[in-house]
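Student: following is a predicted model, sequence given first.
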Amino acid sequence: MATKQAQKGGQIDLGQLPVPQLQELKTQLDRELEHLTTSFQSLRTAQSKFRDCINSISQGVNPGTADKPLLVPLTSSLYVPGRLTSSTHVLIDIGTGFFVEKTVEDATDFYNRKVKDLQDSLKDLEGVINGKANNVRMVEEVIRVKVLSAQEQSQKEGAGS
Amino acid sequence: MSDVQKKLQALSDAYQALQGELSGAVEARQKLESQQQENTTVKKEFDLLADDANIYKQIGPVLLKQDKTEAVMSVSARLDFINKEIARIEKQIKDVQDKSEKVKMDIIQIQSAAQQAQEAAA
């Protein structure tokens, strides 16, 4: 709770906090940052998966491949020959167990939209991550200054006695 | 003194329990949120579809064909349910937060009272 308040208070409070509390704040920020970075990565992965889908459609499902035989993977090492029943329509998983039959154009459009949505989320997330990283840097800086001044203090005292 | 300590111990145990409850509720809330997100995107997708589009619902390993109105209805019902659940959990979170805030106040009160007693004794 105390760390939350410190966060809201911003820089002014940061200088007044004792070092252990600052360290605690830093670990908390580090954790948040890590969580956000993982989310960023998974969004990236999802986006590239959608891109793969677009590529697969444009390369695999077009009038040119209509009559060509293809290999259907049953497992990662077992394939059976097959043939496209339709080179103009595909079935898309739109989530929560629903599948929709779409034309190739609509499907590409669908995936393009998904990629764009994800791009927007990625941009937002990047902003948040940068803000958090800045916070971490700020806290680190304050800790460093505090530790240094404490060292100087003790050195002075040592020289004085 | 031991009486006060016992009381403090009980209060801090209660506080711990409340914190645990809180984090459980927050987790449930996050899960609901992601489900809400997924269902909303599906609903949006349905809005873009033609009325005669072929929609299939996955039930176990098979795909069953479904009417668009039927599919839209079931997604809307699900969203309604999720929204209600979110409201419920939200209330729960608030309750637990209030409770733990109260316990925290009690703890602080007892601690400062004990401190004052010590100072008076010294």
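Tutor: Structure received.

Student: let me see the ranges of the strands in chain A.
Tutor: A:69-73, A:79-83, A:89-95, A:98-103 (DSSP state E).

Student: out of those strands, which one sits most buried?
Tutor: strand A:98-103 (a mean of 19; mean count of other C-beta atoms under 10 Å in any protein chain shown). Yep, even glycine has a C-beta here, placed from its N, CA and C like the rest.

Student: quick one, strands of chain B?
Tutor: Using DSSP E, strands in chain B cover B:55-59, B:62-66.

Student: how about the ones you listed, which one is nearest residue A:26?
Tutor: Between residue A:26 and the strands of chain B, the tightest spacing by C-beta to C-beta is seen for strand B:55-59, at 46.0 Å.

Student: neighbouring strands - and their directions - for that closest one?
Tutor: strand A:98-103 (antiparallel), strand B:62-66 (antiparallel) (DSSP bridges).

Student: returning to that earlier point: CSV for the strands of chain B, including mean pLDDT and distance to residue B:117?
Tutor: Output for the strands of chain B, formatted as CSV (pLDDT from 0 to 100; distance: least, C-beta to C-beta, whole Å):
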stretch, mean pLDDT, distance to residue B:117
strand B:55-59, 94, 67
strand B:62-66, 93, 71
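
Student: quick one: which of those is nearest residue B:116?
Tutor: Of all these, strand B:55-59 sits nearest to residue B:116, with 66.3 Å by C-beta to C-beta.

Student: the closest one to strand A:89-95, inter-axis angle?
Tutor: Here the directions of strand B:55-59 and strand A:89-95 differ by 60 degrees (axes from the mean of the first three to the mean of the last three C-alpha atoms, to 10 degrees).

Student: flag every buried residue along strand B:55-59.
Tutor: For strand B:55-59, the neighbour count (16 or more other C-beta atoms under 10 Å in any protein chain shown) marks B:55-57 as buried.

Student: just give me the closest of those to residue A:154.
Tutor: Using C-beta to C-beta, the buried residues of strand B:55-59 come closest to residue A:154 at residue B:57, 71.1 Å.

Student: does that closest one touch residue A:97 like I think?
Tutor: Yes - Residue B:57 is within contact range of residue A:97, at 6.0 Å (criterion: C-beta atoms under 8 Å).

Student: just the helices in chain B please.
Tutor: Ranges of helices within chain B are B:2-48, B:68-121, based on DSSP state H.

Student: so for the first one, mean pLDDT?
Tutor: So that's helix B:2-48. Across helix B:2-48, pLDDT averages out at 93.

Student: and that helix with strand A:98-103, angle?
Tutor: In terms of direction (the same axes, to 10 degrees), helix B:2-48 departs from strand A:98-103 by 30 degrees.

Student: what is the neighbour count of the closest residue to residue A:23 other than its chain neighbours?
Tutor: The shortest distance from residue A:23 to any non-neighbouring residue, by C-beta to C-beta, 6 or more residues apart in numbering or on different chains, is to residue A:143 (6.7 Å). Residue A:143 has 17 neighbouring residues, counting by other C-beta atoms under 10 Å in any protein chain shown.

Student: ok, residue A:143 to residue A:133 distance?
Tutor: From residue A:143 across to residue A:133, the span is 16 Å (C-beta to C-beta, to the nearest Å).

Student: close to chain B: what parts of chain A are there?
Tutor: For chain A, the residues in contact with chain B (C-beta under 8 Å from any C-beta of the partner chain) are A:1, A:91, A:94-102, A:110.

Student: which of these sits closest to residue B:44?
Tutor: Distances from residue B:44 to those, taken by C-beta to C-beta, are shortest for residue A:94, at 9.4 Å.

Student: how many other residues sit next to the residue nearest to that closest one when sequence neighbours are not counted?
Tutor: Spatial nearest neighbour of residue A:94, chain neighbours left out: residue B:45 (4.7 Å); criterion: C-beta to C-beta, 6+ apart. Neighbour count for residue B:45, taken as other C-beta under 10 Å: 20.

Student: residue contacts, residue B:45?
Tutor: Counting by C-beta atoms under 8 Å, 6 or more residues apart in numbering or on different chains, residue B:45 makes contact with A:94-95, A:100, A:110.
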